[in-house]
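> could you work out the structure for the sequence below:
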Amino acid sequence: MAGGRSSDSSKGGRRGNDPLRGLAQLGEGADPASAAGKPANAEGLKALGDHIEGRPPTAPDHVPRRKGPSHRRSRPRWSTKRRVLTVLGVVIILLVGVVGSGYAYLRYEWNKVAKVDCTSCAVVTSSVAPFNVLIVGSDTRAGNTGQAAKSFGTVATNGGQRSDTIKILHVNPQAGTAQLLSIPRDTWVEMSGIPESTGLSGPQKINTAFNGGTTPASGINSLTETIENTFGIPINHFVVIDFIGLIQAVGSVGGINLNFNYPVRDCSDQGCQIDNSGLAIPTTGCQTLNGNQTLALARSRYFQYDDPAAGGWTYDPSSDLGRIQRQDEIIEALISKVESTFNPLTLKSFLDSVVNDITVDKNLGLGLIYELASKYHAFSPSKLQTLTLPTLGAQNGGGDVEIIQEPAAQQMITQFLGATPNTPSTPPLDVNSDPLAIPVLSGPGATTTTTTPGETTTTTTTTTIPAFDPTPC
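Okay, here's the model as predicted:
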């Protein structure tokens with residue numbers, strides 16, 4: 001063996017002194033033909049030598065070698081079924097993680113929402129039973145200063161609050177439908193749940209009920225009770241959102257898209273800078289409105305459109321009813337924008353924008369919100385049926401009010417609820433329900449009755465109104 005090592009040393013130079021080479025030579029051992037020359041553990045030493053020299057492993061002497069080239073042992077191959085099940089398992093784990101974290105985030109945000117007791121709200125009997133949600137747009141300016149306050153018009157410093165918008169959402173989970181009923185804010189009704197000491201009891205505009213208490217809870221309960229007692233509509237839940245909430249909700253989705261057939265503005269007889277919302281859209285076509293522009297459109301009470309055929313700037317003859325129509329268009333446009341831009345970041349931004357500017361009843365739990373979001377996430381805004389209680393314009397001591405038309409109002413409520421409403425305890429007031437003898441004004445769709453000795457004449461006034469209100473685009 002000494003001669004062999006000397007020969008390798010002369011061929012490999014430095015390699016002959018490499019200790020690894022020595023181990024390899026040790027692995028090669030004595031002449032394999034001589035059984036007596038085999039060192040102990042010869043097979044292990046052979047394997048060691050093969051590994052160090054980078055040679056394919058040789059089979060033990062007592063195991064027949066395979067014919068053909070040798071190769072390393074590969075890992076066992078997975079079956080197609082095993083691969084599919086493993087991939088599905090990973091996907092499920094990821095989905096559970098995303099949904100779980102999403103629900104946790106939703107709960108975190110929901111805990112920021114102000115919640116109050118609704119003592120007059122009716123209890124929902126089952127998870128599939130239809131229910132009604134009162135949606136109130138509050139005109140409170142409490143805590144709103146700076147640029148936000150300026151966008152509310154010149155009355156931004158006024159105290160108190162009134163329900164600037166009153167809508168009832170009727171949800172039928174089993175049928176997967178939803179309807180929206182608007183009550184004009186100037187509707188003349190008998191107040192409920194308001195102490196006489198406030199000076200706001202008795203016949204009033206319905207939006208006064210929201211200002212009839214000393215706390216948010218008492219105000220919303222007065223409005224809820226007044227609606228139930230006047231129209232027989234049971235209220236199960238409520239949501240109140242203020243001006244800032246609407247501005248930020250629209251801003252969180254990058255604005256809403258509305259098409260204008262005419263330039264529009266909000267200007268009273270005293271001018272465009274006095275007691276108005278600041279609305280000014282000078283161009284026509286499909287446009288993106290930011291939060292402040294959307295609020296101005298929703299609040300516009302002196303709405304004008306520039307119609308060259310009518311000689312220029314023309315007032316909206318439908319008054320508060322036209323305002324309700326524009327609010328419904330805003331809701332549809334906002335729903336469309338949320339759906340078209342839906343992603344986790346948009347959802348997070350939307351939630352962040354409204355949680356500090358809404359108030360709900362304590363019984364409106366996160367579970368119901370999550371369930372409705374899952375069921376109605378693909379609900380098309382075009383399928384949201386919108387209704388407005390039929391009213392006629394009138395005056396009370398110089399102030400404009402709306403008088404409910406019967407029996408048309410009760411027929412609409414029955415259609416809205418899909419059932420007969422409860423019997424009102426204080427039915428809607430009409431021209432004969434108040435000692436001030438309210439005269440009914442002429443207007444679009446108004447009915448005027450004239451009584452003379454021996455005959456009664458009824459005249460219905462109809463007005464063709466051009467399509468000046470914007471529509472989603």
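
> confidence score at Asp50?
According to the prediction, Asp50 has pLDDT 63.

> Leu181 - how many residues pack around it?
Leu181 has 22 neighbours, counted by other C-beta atoms under 10 Å. No exception for glycine: its C-beta is placed from N, CA and C like everyone else's.

> how about Pro282?
For Pro282, the count of nearby residues is 9 (other C-beta under 10 Å).

> and what of Leu368?
When counting by other C-beta under 10 Å, one arrives at 16 neighbours for Leu368.

> dump the residue contacts of it.
Counting by C-beta atoms under 8 Å, 6 or more residues apart in numbering, Leu368 makes contact with nothing.

> helices along the stretch 151-300 of the chain, start to end?
216-231, 243-252, 291-299 (DSSP state H, counting those that start in this stretch).

> and the ones you listed: which comes nearest Pro421?
helix 216-231 (6.5 Å; C-beta to C-beta).

> so which elements touch that closest one?
strand 114-116, strand 131-138, strand 163-172, strand 188-190, strand 237-242, strand 358-361 (3 or more C-beta pairs under 8 Å, 6 or more residues apart in numbering; DSSP states H and E).

> go again with 10 Å.
Judged by 3 or more C-beta pairs under 10 Å, 6 or more residues apart in numbering; DSSP states H and E, helix 216-231 is in contact with strand 114-116, strand 131-138, strand 163-172, strand 188-190, strand 237-242, strand 358-361, helix 408-417.

> for Asp469, what are phi and psi?
Backbone geometry at Asp469, expressed as degrees, to the nearest 10, gives phi -70, psi 140.

> distance of Gly193 relative to Val124?
21 Å (C-beta to C-beta, to the nearest Å).

> pretty sure Leu429 is touching Ala409, no?
No - with contact defined as C-beta atoms under 10 Å, Leu429 does not count as touching Ala409 (11.9 Å).

> quick one: common contacting residues for those two?
187, 230 (C-beta atoms under 10 Å, 6 or more residues apart in numbering).

> the nearest residue to Thr471 once chain neighbours are set aside bridge partners, please.
With sequence-adjacent residues excluded and distances taken as C-beta to C-beta, 6 or more residues apart in numbering, Thr471 is closest to Asn259, at 5.3 Å. Counting by DSSP bridges, Asn259 forms beta bridges with Cys286, Thr471.

> quick one: contacts for Asn259?
Per C-beta under 10 Å, 6+ apart, neighbours of Asn259: 284-287, 329, 333, 470-473.

> most neighbours out of those, which is it?
In those, the most neighbours by other C-beta under 10 Å go to Pro470, 26 neighbours.

> report the contact partners of it.
256-262, 264, 281, 284, 286-287, 289, 297, 305, 325-326, 329-330, 333.

> where does the chain have low pLDDT?
Along the chain, segments meeting pLDDT under 70 span 1-88, 91-103, 139-163, 212-216, 273-275, 341-347, 370, 373-379, 397-398, 430-466.

> which residues of the stretch 301-450 of the chain fall in helices?
Going by DSSP H, counting those that start in this stretch, the stretch 301-450 of the chain shows helices at 320-340, 344-354, 366-376, 408-417.

> ok so, going back, okay, Gly193 and Val124: which has more neighbours?
Gly193 (20 against 17).

> test my guess that the more buried one contacts Ser201.
Yes - in this structure Gly193 lies within contact range of Ser201 using C-beta under 10 Å: 9.1 Å.

> now the residue nearest to Ser127 when sequence neighbours are not counted: how far from Glu371?
Leaving aside its sequence neighbours, Ser127 sits nearest to Pro173 (C-beta to C-beta, 6+ apart; 7.1 Å). As judged by C-beta to C-beta, Pro173 and Glu371 stand 8 Å apart.

> neighbour count: those two, which is higher?
Neighbours were counted for Pro173 and for Glu371 using other C-beta under 10 Å; Pro173 has more, 19 against 13.

> show the contacting residues for that one.
For Pro173, the contacting residues are 124, 126-131, 368, 371-372, 375-376, by C-beta under 10 Å, 6+ apart.

> and those, which two are the farthest apart?
Farthest pair in the contacts of Pro173, by C-beta to C-beta: Ser126 and Tyr376, 18.1 Å.

> of the two, which one has the most company?
Neighbour totals were compared for Ser126 and Tyr376, and Tyr376 leads with 15 against 9 (other C-beta under 10 Å).

> what residues sit buried inside stretch 231-246?
Neighbour counts over stretch 231-246 (16 or more other C-beta atoms under 10 Å) mark 231-246 as buried.

> nearest to Asn363 among those residues?
Distances from Asn363 to these, taken by C-beta to C-beta, are shortest for His237, at 6.5 Å.

> residues contacting the closest one?
If you count contacts by C-beta under 10 Å, 6+ apart, then His237 has 118, 121-122, 124, 131-135, 169, 171, 224, 360-365, 368 around it.

> and if you look at Val133?
Taking C-beta under 10 Å, 6+ apart, one finds 121, 167-171, 178, 180, 235-239, 360-361, 364, 372 in contact with Val133.

> buried ones among those?
Neighbour counting over the contacts of Val133 (16+ other C-beta under 10 Å) leaves 121, 167-171, 178, 180, 235-239, 360-361, 364 as the buried ones.

> out of these, who's nearest Ala114?
Here the nearest of these to Ala114, counting by C-beta to C-beta, is Val360; it sits at 7.5 Å.

> pretty sure that closest one is touching Lys112, no?
No - in this structure, Val360 is not within contact of Lys112 by C-beta under 10 Å, at 11.4 Å.

> isn't Ser252 right next to Val338, touching?
Yes - judged on C-beta under 10 Å, Ser252 makes contact with Val338 at a distance of 9.0 Å.

> so the two - more neighbours on which side?
Between Ser252 and Val338, counting by other C-beta under 10 Å, Ser252 is the more crowded of the two (21 against 18).

> any idea how far the more buried one lies from Pro317?
Counting by C-beta to C-beta - Ser252 and Pro317 are separated by 35 Å.

> for Leu351, same thing?
40 Å.

> more crowded one of these two?
Leu351 (18 against 12).

> for that one, list the residues it contacts.
Each residue near Leu351 by C-beta under 10 Å, 6+ apart is listed here: 105-106, 108-110, 112-113, 249, 252.

> columns distance to Ala209 on top of these, output as TSV?
Converted to TSV, those look like this (distance: C-beta to C-beta, whole Å):
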residue	distance to Ala209
Tyr105	36
Leu106	32
Tyr108	34
Glu109	30
Trp110	27
Lys112	27
Val113	23
Ala249	25
Ser252	31
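
> any of the residues you listed buried? List them.
Buried among the contacts of Leu351 (16+ other C-beta under 10 Å): 106, 109-110, 113, 249, 252.

> could those residues go into CSV alongside distance to Ile413?
Compiled in CSV, the buried ones among the contacts of Leu351 are given as follows (distance: C-beta to C-beta, whole Å):
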residue, distance to Ile413
Leu106, 34
Glu109, 35
Trp110, 31
Val113, 29
Ala249, 29
Ser252, 34
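
> coming back round to it: shared neighbours of Pro173 and Glu371, anything?
Residues touching both Pro173 and Glu371 by C-beta under 10 Å, 6+ apart: Ser127.

> okay then, goodbye and thanks.
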